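In: using only what follows, build the 3D model:
(chains A and B)
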Amino acid sequence: MWDLILNPFVTILAWLYAALNQDIVLAIVVLTVIIRVLTFPLFAKQQESSKKMQQIQPQLKKLQEKYKNDKEKLSQAQMKLYRENKVNPAGGCFPMVIQFPILIGLYQAIFFALAATPFQLVDLSERLLIPGLDSLIPLQRMWTPIPQLVSVLPELDLTLAPTENPHYALILPLLVLITTWGQQKLTMSATGQAKSNKDDDDDDGGAPAGGQAAAMTKSMTTIMPIMFGFFSLSFSVGLSIYFVTSNLIGVVQYSPQGKRVLERVFRRKSSDAPPVEVIFEDDEPPAKTRKRKKKKPRKK
Amino acid sequence: MSSYIRRRPGVILLLTLMLLTLPACVGGRIGVSWPAVGLIDFNGETHIALAYNNDVTLLTPSNGAPARLLNPLNGDVLRDKDNNPRTWALRGSENEGAQFHTLPVRIDDETVVIAAHNRRLLRVDSVLVEVQRSFPLADKVVASPLKLDGVLYLPYQNGGLSAISLEDYRELWRFPTEAGIWAQPLLADDMLILSSIDHFLYAIDRSTGQRIWALDLGGAVASTPLLANDRLYVGSFNKSFFEISLDGVILSEYATQNWVWGTPAIDAEGIIYVADLSGYVHALDTSGGLRERWSAQIAERGIRAGPLVYGERVIVASRDGKVYWLDRFDGELINAREIDDRPELLGDMMLLKPSETLAIDEPLLLVTSVHDARLLIAFGVDGRQTWVYPR
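Out: Numbers count the residues shown, from 1 in each chain, chains lettered A, B, ... in the order given. Okay, here's the model as predicted:
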């Protein structure tokens, strides 16, 4: 079943390798770009969902305070708030669930396409779906960033970990760390979680509404880069190239300029409308709703 | 930090789970190759040698039991400190974490050498199964070396072949290739024939390492060619099978369904049997070029190992976990045996004919799998399972 996702990736990677003058690094970069661009609508949807959730956090917080002794009513009120604001609490997860197999498939495709042992090559024999690619096997896995300076920057074996390659390969885990951090940081800004997190911290210090999600994002910004940097030390150099490319695309996607360009390409509009406020009568079932009026800024 | 962990156990749990699951996402097999099986003689007895991952083991052909170590002076069984009989097994875990995918090479009744995957050549006392010395190699080794006239020809996983003197373990010369050599070299007409996954078949002078000819076969070549009637027969990953003269000219070519990896087999009438990684077996008449006698899809998955011919039968083992017996005249399926749990059957098969030194009175077919509980399975030629060696 998994092969239905994986084999096309392996085939496209091998095809790109053939089309791009048998440069495997370029093939990895181009395939990563294609996949990240094609999955942009899913990223955007997830981002929008996170943003909406952040916008209604103050109201959720109020509801939690109001119905702290009645869980059933709290649940009803929250559902009503979600419905009126057209927010699906799991809406951020669904695009993620779809993206995850795609990204793992891409990640595995690099692993399989760069087959370096008999076992890996036997596996590869069942994965190439386009005739004619067989004559490319094995794909060239030695690569140098600047062929003219091969004496200074010796060839890297893309199937080996940076620690088993020439010393300069150790820059890759560092690049993975930096780019992962950059992407995480921009993700937080894009979804407004950085601000929300700050607001929460300014509060009473207890568990704030949506605090868990914000805390998780904050933790990820710290721990994920270290984790991925650590992975890159033991995984093959080829996968580090994928991580760095993927992160850089993420940086572009989440940067304001990149977002604008991609939204124009995919004809998407980000929703900046203020959240709908839901008002409940005390101890009455949720009844009416009204739009929150925009407050005019006070003149000093 | 500890207060942070106390405050956010969910976050920490999630990140820990990610840390544990992401390496698993790499998927695929992390292993290197499949078991190697062959025969080795010591003091007039022939044993089955089996090398896979952490172990090199010698087995008794009649029952598949590990061969016991004997005191060379009185023939008594040697015992360990718990009084258990000692068996012939070399563990990589006790020798710098070495992994083995090549067969031991007998030097004399008391010595073997084994090329390990950790770039070491081990000289082993075969009486006590202890490493006497180890020598550095230029690269990892996945194909069994060839010993000829006191010289060991060692092919490397990532390219090249070294000729090493077995007197002083000095490298005499090295022949470079663009990519790995994953098949044992072949001696043909005093030349060494090397198959490389760089797409070339090479003939080199075995005393100097000088290239005599190189032939581009359009795809990776991963098997030892078959030498028959002064011709070389070999397949490539370009879905082709070739008949090649000993001076390096392609005489005939046959299109297969998928990559050809195993060494072909030939019968007494000059019919060649080739299997490919789509599960097809092809019978080719070699009188006047390669002409198809029959071709049939036999297995659900690919056939990596070369076929065997015995009497009226052609035997193949597939990645689908089955061994097939075919009529060699028309390819009709006579018999199929499914190995329990259907492990992939990737290693080369072996046919043992009855002999005194083997101490067997009927032919045995040896099939290796990558399943630890069924690493080596012995069948009678009729398909009856005789014994199983688990690791």
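In: where does pLDDT dip in chain A?
Out: A:90-99, A:189-218, A:220, A:259, A:262-300 (pLDDT under 70).
In: residues of it that sit close to chain B?
Out: Residues of chain A found near chain B (Cβ under 8 Å from any Cβ of the partner chain) are A:2, A:104, A:107-108, A:111-112, A:116-123, A:125-126, A:134-135, A:137-138, A:157, A:212, A:215-216, A:219-220, A:223-224, A:227, A:231, A:235, A:239. For the C-beta atoms, the positions are set from N, CA and C on the backbone; glycine is no exception.
In: swap in 7 Å and give it another go.
Out: Contact residues, chain A versus chain B (Cβ under 7 Å from any Cβ of the partner chain): A:104, A:107-108, A:111-112, A:117-120, A:122-123, A:125-126, A:134-135, A:137-138, A:212, A:215-216, A:219, A:223, A:227, A:231.
In: give me the PyMOL select line for these, limited to the buried ones.
Out: Burial among these is assessed by 16 or more other Cβ atoms under 10 Å in any protein chain shown; the matching PyMOL selection reads:
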select buried, chain A and resi 104+107+108+111+112+117+118+119+120+122+123+125+126+134+135+137+138+215+216+219+223+227+231
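In: okay, and which of the residues of chain A next to chain B map to helices?
Out: Among the residues of chain A next to chain B, DSSP state H puts A:104, A:107-108, A:111-112, A:118-120, A:122-123, A:212, A:215-216, A:219, A:223, A:227, A:231 in helices.
In: name the residues of stretch B:230-247 that are buried.
Out: B:231-244, B:246.
In: apologies, that question was intended for stretch B:309-319.
Out: B:309, B:310, B:313, B:314, B:315, B:316, B:317, B:318, B:319.
In: could you give the bridge partners of residue B:294?
Out: Taking DSSP bridges as the rule, residue B:294 bridges to residue B:283.
In: can you confirm residue A:181 is in a helix?
Out: Yes. Counting by DSSP: H, G, I helix; E, B strand; the rest coil, residue A:181 is located in a helix.
In: where do the helices sit along the stretch 1-150 of chain A?
Out: For the stretch 1-150 of chain A, helices defined by DSSP state H, counting those that start in this stretch occupy the ranges A:3-19, A:24-38, A:40-55, A:57-66, A:71-84, A:93-113, A:118-124.
In: which one of these is the most hemmed in?
Out: helix A:118-124 (a mean of 22; mean count of other Cβ atoms under 10 Å in any protein chain shown).
In: what helices and strands are in contact with it?
Out: Applying 3 or more Cβ pairs under 7 Å, 6 or more residues apart in numbering or on different chains; DSSP states H and E, one finds that helix A:118-124 makes contact with helix A:93-113.
In: contacts for the strand or helix carrying residue A:247 next, please.
Out: If you go by DSSP states H and E, residue A:247 is part of helix A:237-254. Contact with helix A:237-254 is made by A:25, A:28-29, A:32-33, A:36, A:40, A:43, A:106-107, A:110-111, A:114, A:156, A:158-160, A:162, A:165, A:169, A:172-173, A:175-176, A:179-180, A:182-183, A:186-187, A:190, A:228, A:232, A:258-259, A:262, as judged by Cβ atoms under 7 Å, 6 or more residues apart in numbering or on different chains.
In: export stretch B:208-228 to CSV, keeping only CA atoms.
Out: In CSV, the C-alpha atoms belonging to stretch B:208-228 read as follows (Å, rounded to 0.1, in the frame of the first residue of the first chain):
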residue,chain,number,x,y,z
THR,B,208,49.6,-7.4,-13.1
GLY,B,209,46.0,-6.1,-12.7
GLN,B,210,46.2,-4.5,-16.2
ARG,B,211,43.0,-4.1,-18.1
ILE,B,212,42.7,-6.4,-21.1
TRP,B,213,39.3,-5.3,-22.2
ALA,B,214,36.2,-3.6,-20.8
LEU,B,215,32.7,-4.0,-22.2
ASP,B,216,29.8,-1.7,-21.5
LEU,B,217,26.6,-3.8,-21.0
GLY,B,218,24.3,-0.8,-20.6
GLY,B,219,23.3,-1.5,-17.1
ALA,B,220,24.8,-2.7,-13.8
VAL,B,221,26.4,-6.1,-13.8
ALA,B,222,26.0,-7.8,-10.4
SER,B,223,26.6,-11.5,-11.0
THR,B,224,29.6,-13.7,-11.8
PRO,B,225,29.3,-14.7,-15.5
LEU,B,226,28.9,-18.3,-16.5
LEU,B,227,31.8,-19.7,-18.5
ALA,B,228,30.8,-22.3,-20.9
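In: mind listing what's buried along it?
Out: B:209, B:212-215, B:217, B:219-227.
In: quick one, grab the pLDDT at the residue of the stretch 251-391 of chain B found nearest chain A.
Out: Going by Cβ to the nearest Cβ, chain A is nearest to residue B:277 of the stretch 251-391 of chain B, at 4.4 Å. pLDDT for residue B:277: 96.
In: got it, and residue B:128?
Out: Residue B:128 carries a pLDDT value of 91.
In: would you verify that it is located in a strand?
Out: No. Applying three-state DSSP, one finds residue B:128 to be coil, outside a strand.
In: before we move on, the earlier item: off-centre distance for the helix holding residue A:247?
Out: From the chain centre to the centre of helix A:237-254 is a distance of 10 Å (Cα atoms, centre = their mean, to the nearest Å).
In: any idea of the angle that helix forms with helix A:40-55?
Out: 60 degrees (axes from the mean of the first three to the mean of the last three Cα atoms, to 10 degrees).
In: thinking again about what came up before, please identify the helix or strand for the residue of the stretch 251-391 of chain B closest to chain A.
Out: Short version, using DSSP H and E: residue B:277 is in no helix or strand.
In: that one: how many residues sit nearby?
Out: 28 (other Cβ atoms under 10 Å in any protein chain shown).
In: quick one: contacts for it?
Out: Listed by Cβ under 7 Å, 6+ apart, the contact set of residue B:277 reads A:125, B:258, B:259, B:261, B:302, B:303, B:304.
In: disregarding residues adjacent in the polypeptide, which is nearest to residue B:130?
Out: Excluding its sequence neighbours, the residue lying closest to residue B:130 (Cβ to Cβ, 6 or more residues apart in numbering or on different chains) is residue B:124, at 6.9 Å.
In: what's the answer for residue A:63, then?
Out: residue A:77 (4.8 Å).
In: my read: the one you found touches residue A:65, true?
Out: No. Under the criterion of Cβ atoms under 7 Å, residue A:77 is not in contact with residue A:65, lying 11.3 Å apart.
In: who in the stretch 151-300 of chain B is up against chain A?
Out: Residues of the stretch 151-300 of chain B lying near chain A (Cβ under 7 Å from any Cβ): B:179, B:182, B:197, B:218, B:219, B:220, B:237, B:238, B:239, B:258, B:259, B:277.
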